[in-house]
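**Q** what's the 3D shape of this:
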Amino acid sequence: MGVFSFEDEHISSVAPAKLYKALAKDSDTIIPKVVEAIQSIEIVEGNGGPGTIKKLTVVEGGKSSYVLHKVEAIDEANLGYNYSLVGGTGLEEVLEKVCFETKVLPGPDGGSLGKVTVKYHTKGDAALSEELRETTKAKGTALFKAVECYVLANPDY
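**A** This next block holds a predicted model:
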């Protein structure tokens, strides 16, 4: 198995605790509202804490698929949330899993800095294509911005 990783950062004008709440705690409700491709998020095993498995149903290009999202760790005190994509029809064939380590930190002017480390675990000696890495990065950025826009558009959130 090969492991390939990259880090990414996003700056937001939303305060850290509020952004973390939207991205980690309330994401199952918010994300299907703000990301058109994600039709639903449902818990299939667990109680929402570490070890929980969620099923994200996605429709892209007229095709329906799903990915299984496993909650690895929740660190509310330090605004951290780690999860892995561990299966499903939407997980690329060359991947065994994809791990995401996320943290929301204080940013400029009372806003936030979202940091994510992504680790791709490939099957056997499969290589990770640049296209797959770039697609994942673009989807992550779009998700972050969509949730941020939701919070900004809903000041009472």
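**Q** CA atoms for contacts and neighbours, from now on please.
**A** Fine.
**Q** now the helices for this structure?
**A** Along the chain, the segments classed as helices by DSSP state H run 16-20, 27-34, 130-153.
**Q** Out of the ones you listed, the one nearest residue 10 is which?
**A** Proximity to residue 10 (C-alpha to C-alpha) singles out helix 130-153 among the helices of the chain, at 7.6 Å.
**Q** what angle do the closest one and helix 27-34 make?
**A** Counting by axes from the mean of the first three to the mean of the last three C-alpha atoms, to 10 degrees, helix 130-153 lies at 90 degrees to helix 27-34.
**Q** helices or strands up against helix 130-153?
**A** For helix 130-153, the elements it packs on are strand 2-12, helix 27-34, judged by 3 or more C-alpha pairs under 8 Å, 6 or more residues apart in numbering; DSSP states H and E.
**Q** Single out the most deeply packed of these.
**A** Among these, judged by mean count of other C-alpha atoms under 10 Å, the one packed with the most neighbours on average is helix 27-34 (a mean of 17).
**Q** which residues does residue 9 contact?
**A** Residues near residue 9 by C-alpha atoms under 8 Å, 6 or more residues apart in numbering: 113-116.
**Q** Actually, residue 8.
**A** By C-alpha under 8 Å, 6+ apart, the residues touching residue 8 are 115-117, 137.
**Q** out of the residues you listed, which is most surrounded?
**A** Taking other C-alpha atoms under 10 Å as the neighbour criterion, residue 116 ranks highest of those with 21 neighbours.
**Q** Include distance to residue 21 and mean pLDDT when you put the helices and strands packed on helix 130-153 into a markdown table, please.
**A** As requested, the helices and strands packed on helix 130-153 are exported to a markdown table (distance: least, C-alpha to C-alpha, whole Å; pLDDT from 0 to 100):
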| stretch | distance to residue 21 | mean pLDDT |
| --- | --- | --- |
| strand 2-12 | 14 | 94 |
| helix 27-34 | 8 | 96 |
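**Q** got JSON lines for those, with distance to residue 64 too?
**A** Formatted as JSON lines, the helices and strands packed on helix 130-153 follow (distance: least, C-alpha to C-alpha, whole Å):
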{"stretch": "strand 2-12", "distance to residue 64": "27"}
{"stretch": "helix 27-34", "distance to residue 64": "14"}
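**Q** Go ahead and confirm residue 150 touches residue 34.
**A** Yes. Residue 150 lies in contact with residue 34 (C-alpha atoms under 8 Å); the separation is 7.1 Å.
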